[in-house]
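In: Predicted model and sequence follow; I will ask about them next.
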Amino acid sequence: METTAAPSPRLRDLSPQQWKSGFAAWLGWLFDGLDMHLYTLVATPFVAELLRASSPADPLVGKRGALIQAAFLVGWALGGAFFGRLGDLLGRSRALSLTILTYAAFTGLSFFAHEWWHLLIFRFLAALGIGGEWAVGASLLSETWPKTWRPWIAATLQTAVNLGVVLACFFGWLLEAQPPRAIFLVGILPALLVLWIRHAVPEPAEWHAARQQKKQRPPGIADLFRGEVAKVTWPVLMICGISLTAHWTFMFWQQAHVRKLDEVVKLAAAEQNRFTTVALFLVMVGSVVGNYFAGWLAKRFGYRRAIVGMLAAYGAIMITAYSRQPSWEALRVWLVLIGICQGVFGLFTMCLPPLFPTLLRTTGAGFCYNFGRIVSAAGVVFFGLFTSVGDVRTALFYAAFLFVPAALAALWLPEEAPDAA
């Protein structure tokens, strides 16, 4: 079922409810990016502290740190499915509030971790909320904002995540003289947003109407694989599972690759950190540009063609970049281009939820997208086997080929939503 928001060609024609829904989702995604990356800033020194390791270079620090990150990715995926279901049962605004409270509370509680497995549990629980916020926020906007605005809303939401990462870096710089655990207290801030959401953001009229019309048992996850809806579910599952595996392999291992560049490998640890920070910043700059470029492509050619093209470009650029060992100077250009291609995931935000019926909208989007995150967690570990012999570049090179079947699967992506109640 397509959403019912009336066309509003000009920003000044948008209603107060539409503005409030957009602002709530944007802030939720901003704090998603913040809480998501606080751990990456202090992972090595904090895990070393929890293990009472003599040095951050201790191999056990890296192994435990990777397990914590894997737990985070799995929690992220499960949270998307769980809170996505709650979004269909309880409403978008209520579920959005619960997701933000969850990731704010457990990010803050990470401050009190005294064993590495304490941190693993807190990061897993925080990830439940971070994963859930994507499906709920995306569905909220797809039901309140006009269809003509969706590509730009998708770009703006994805940019909020990028700005959240930058905000995390700011707090990392601000608290660099403090113990590593102190930065997790910043993660409590999003909880204040919930007070405003519950007061100012109503449930979408479309959700209320669907609930009133559907007097029988609400549809469940099994209904994603029945009838016409199954024709949407299967290609979306394939696209998310394959593309996110390649994407997270890049995001997780690209910094390790930067540290092994000829210009970097012999530097002191602090100088290596500076190079990896610059690398991540370049990817984020490219991603912000890519979000709006993807929106323009979607407006010009449609979602399906835009997604196919950007997935294919992501793979081609990674294959070219890592086919041989690049210099730092060349890699900087490739990182920006890869970041631009990451704008494709912004399109998922507004493209996927409307493909599912109203009472399966957050369930379907959350299940499919977060299934991809579970697959990507396994994929990151699989491609990480290449790093056992120190060849991170090879892992990145071969991971890039996954974008080929992802782009082919996107050819089966419907442009319009199925006609279901």
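Out: Yep, that arrived. Numbering: from 1, shown residues only.

In: pretty sure F111 contacts P180?
Out: No: using Cβ atoms under 8 Å, F111 is not in contact with P180; the gap is 9.9 Å. Heads up, the C-betas are built off the backbone N, CA and C, glycines and all.

In: As a check, name the ranges of all helices in the stretch 301-421 of the chain.
Out: With helices called from DSSP state H, counting those that start in this stretch, the stretch 301-421 of the chain shows them at 303-322, 328-341, 344-351, 361-384, 392-400, 403-410.

In: Please tell me how far the closest residue to L402 other than its chain neighbours sits from R300.
Out: Leaving aside its sequence neighbours, L402 sits nearest to A246 (Cβ to Cβ, 6 or more residues apart in numbering; 3.9 Å). Distance, A246 to R300, by Cβ to Cβ, to the nearest Å: 25 Å.

In: more crowded one of these two?
Out: A246 (26 against 10; other Cβ atoms under 10 Å).

In: Can you list the buried residues in the helix or strand containing the more buried one?
Out: Here A246, judged by DSSP states H and E, is contained in helix 227-259. Along helix 227-259, these residues count as buried under the neighbour rule (16 or more other Cβ atoms under 10 Å): 229, 232-233, 235-259.

In: Over to S55. Which of the three states is it?
Out: Classification of S55 using DSSP: H, G, I helix; E, B strand; the rest coil returns coil.

In: go on, V264?
Out: At V264 the chain is in coil, as set by three-state DSSP.

In: Show the model's pLDDT score for the nearest residue in space to it that is not next to it in sequence.
Out: Distances taken as Cβ to Cβ, 6+ apart put F275 closest to V264, at 5.0 Å, once the chain neighbours are dropped. In this model, F275 is scored at 85, pLDDT.

In: which stretch of helix or strand covers the closest residue to L34 other than its chain neighbours?
Out: Distances taken as Cβ to Cβ, 6+ apart place G164 nearest to L34, at 4.2 Å, with adjacent residues excluded. Element membership for G164, per DSSP H and E: helix 150-174.

In: between that helix and helix 303-322, what angle do the directions make?
Out: Using axes from the mean of the first three to the mean of the last three Cα atoms, to 10 degrees, the inter-axis angle of helix 150-174 relative to helix 303-322 is 40 degrees.

In: what helix or strand does the residue nearest to A53 when sequence neighbours are not counted sit in?
Out: Here the nearest residue to A53 in space, its sequence neighbours aside, is V61; by Cβ to Cβ, 6+ apart that works out to 5.4 Å. Assigned by DSSP H and E, V61 falls within helix 59-90.

In: by contact count, what packs against that helix?
Out: Secondary-structure packing of helix 59-90 (3 or more Cβ pairs under 8 Å, 6 or more residues apart in numbering; DSSP states H and E): helix 16-50, helix 92-109, helix 116-144, helix 361-384.

In: How far does that helix sit from its chain's centre?
Out: Put simply, helix 59-90 sits 12 Å off its chain's centre (Cα atoms, centre = their mean, to the nearest Å).

In: Report the mean confidence score over it.
Out: The average pLDDT within helix 59-90 is 80.

In: Just the buried positions in that helix, please.
Out: Neighbour-count burial for helix 59-90 [16+ other Cβ under 10 Å]: 61-62, 64-66, 68-88, 90.

In: Isn't P190 up against A104?
Out: Yes: the pair P190 / A104 is scored as a contact, 4.4 Å apart, by Cβ under 8 Å.

In: Who are the contact partners of the closest residue in space to Y314 that isn't next to it in sequence?
Out: Closest residue in space to Y314, ignoring its immediate chain neighbours: C341 at 3.7 Å, by Cβ to Cβ, 6+ apart. By Cβ atoms under 8 Å, 6 or more residues apart in numbering, the contact set of C341 is G290, M310, L311, A313, Y314, I317.

In: top of these by neighbour count?
Out: Going by other Cβ under 10 Å, G290 tops the contacts of C341 with 30 neighbours.

In: for that one, what are its contacts?
Out: M310, G339, I340, C341, Q342, G343, V344, G346.

In: go again using 10 Å as the cut-off
Out: By Cβ atoms under 10 Å, 6 or more residues apart in numbering, the contact set of G290 is 155, 158-159, 162, 283, 297, 310, 313-314, 336-346.

In: One more: P56?
Out: P56 sits next to A43, T44, P45, F46, V47, A48, E49, G62, G65, A269 when contact means Cβ under 10 Å, 6+ apart.

In: Just give the closest residue to it, not the sequence neighbours.
Out: In space, and not counting its chain neighbours, P56 is closest to A48: 4.4 Å by Cβ to Cβ, 6+ apart.

In: Give the burial count for that neighbour, as a bare number.
Out: If you count neighbours by other Cβ under 10 Å, A48 ends up with 22.

In: same thing with K147?
Out: K147: 15 neighbours (other Cβ under 10 Å).

In: Please tell me how far it sits from V308.
Out: Counting by Cβ to Cβ, the gap from K147 to V308 is 20 Å.

In: got it, and P219?
Out: When P219 is compared with V308 (using Cβ to Cβ), they lie 29 Å apart.
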